[in-house]
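>>> next one to model:
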Amino acid sequence: MHKTDLLVVVRYPEADMAELERHYTLHVLSDTTDHAALLANVEPLIRAVATNGEAGAGAELIDALPQLEIIVSYGVGVDAIDLAHAAKRGIRVTNTPDVLTGDVADMGMGLMLAIARHIPGNDRVVRDGQWGKATLPLATRMFGKRLGILGLGRVGRALARRAAAFDMSIAYHDRVHFNDTGYTYRENAVALARDSDFLVICAAADRESHASVSREVLDALGADGILVNIARGSIVDEPVLLDYLTTRRIRGAALDVFWNEPSIDPGFAELDNVVLQPHRSSATVETRAAMGQLVRENLRAFFEDEPLVTEYPTH
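Predicted coordinates:
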């Protein structure tokens, strides 16, 4: 029996690739350097593209596939997908929300603890045999401090619930003022940062949010403030952040996401007041399996002409 053709922009974990191969003939763009030749060969066959939050699907890829009807993404973020171009073509888009919410919120808590309590640096002291020799600065506590959440969506709310167990006072800024929480609303990111000891970015990335954590926001956060980013690197004005960390105009930062991943600015590695992660907030066995399952469910629903599980609005 002929299997439906599927273009995969970048390889998923092997278990997910094996499941896809059971049902589809896969054409993997990341397996070749000659993308144009592969696309020219398969373009009459491809109605669906499978991608992830980092690789996305730009206008050039969309235009190379005249039969394309759906883009399914392995991840929550859709900023790397040209949504406007997809909408113009009537192409549907799906992502994998909800299933990774808990893991990303857990990482936010872990990063706050790691930077506040100097956990990575102290680990190096012990490993290097410097315990009892090195002078270790005192850390700052996390419990009872002021938490500012930028973006009170699924992840922001999950983070807030966890932070409440640390007796943190919680405020947020979002484009929407929610009436169903007891958290304090701040009218903009500057006001939120001014009243925060920890500012955690949980917002969606789009043109409006690009570099919105700016010099003004970091000035408001101040020399004792800590920035944590578990959303997208594009939301932060990264050169400004690097300068403020270098000159100690904020206390520190814990970052899971960056500009130009994975080729991040090497200046970050020179600093002792940052905790760096390679975009791993959702990287657990359980969540990645659930993400892969949701991708497959959306593909199955599309090809069987059923309602999609998690269609993302493109208009």
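>>> neighbours around the residue nearest to Phe166 when sequence neighbours are not counted, how many?
In space, Phe166 comes closest to Phe143 once its chain neighbours are excluded; the distance is 4.6 Å by CB to CB, 6 or more residues apart in numbering. No exception for glycine: its C-beta is placed from N, CA and C like everyone else's. Per other CB atoms under 10 Å, the neighbour tally for Phe143 reads 11.
>>> and what of Val190?
17.
>>> which SSE is it in?
Element membership for Val190, per DSSP states H and E: helix 189-194.
>>> what does that helix rub up against?
Helix 189-194 is touched from outside by 148, 150, 171-173, 186, 199, 212-213, 216-218, 220-222, 225, with contacts defined as CB atoms under 8 Å, 6 or more residues apart in numbering.
>>> how about stretch 295-304?
With contacts defined as CB under 8 Å, 6+ apart, stretch 295-304 is touched by 4, 6, 12, 16, 19-20, 23-24, 48, 50, 69-70, 72-74, 92, 94, 96, 306-310.
>>> which of those are buried?
6, 12, 16, 19-20, 24, 48, 50, 70, 72-74, 92, 94, 96, 308-310 (16 or more other CB atoms under 10 Å).
>>> so which of those sit within helices?
Among the buried ones among the contacts of stretch 295-304, the members found in helices (DSSP state H) are 16, 19-20.
>>> what pLDDT does the residue nearest in space to the middle of the chain get?
Residue closest to the average C-alpha location in the chain (CA atoms, centre = their mean): Ala231, at 3.9 Å. You'll see Ala231 listed with a pLDDT of 96.
>>> just give the closest residue to it, not the sequence neighbours.
Using CB to CB, 6+ apart, the closest residue to Ala231 is Ile201 (4.6 Å).
>>> quick one: the helices in the stretch 51-200 of the chain, in order.
59-63, 83-89, 101-116, 119-127, 154-164, 189-194 (DSSP state H, counting those that start in this stretch).
>>> columns distance to Ala301 and mean pLDDT on top of the ones you listed, output as JSON lines?
Output for the helices of the stretch 51-200 of the chain, formatted as JSON lines (distance: least, CB to CB, whole Å; pLDDT from 0 to 100):
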{"stretch": "helix 59-63", "distance to Ala301": "21", "mean pLDDT": "97"}
{"stretch": "helix 83-89", "distance to Ala301": "18", "mean pLDDT": "96"}
{"stretch": "helix 101-116", "distance to Ala301": "22", "mean pLDDT": "98"}
{"stretch": "helix 119-127", "distance to Ala301": "43", "mean pLDDT": "97"}
{"stretch": "helix 154-164", "distance to Ala301": "21", "mean pLDDT": "98"}
{"stretch": "helix 189-194", "distance to Ala301": "37", "mean pLDDT": "98"}
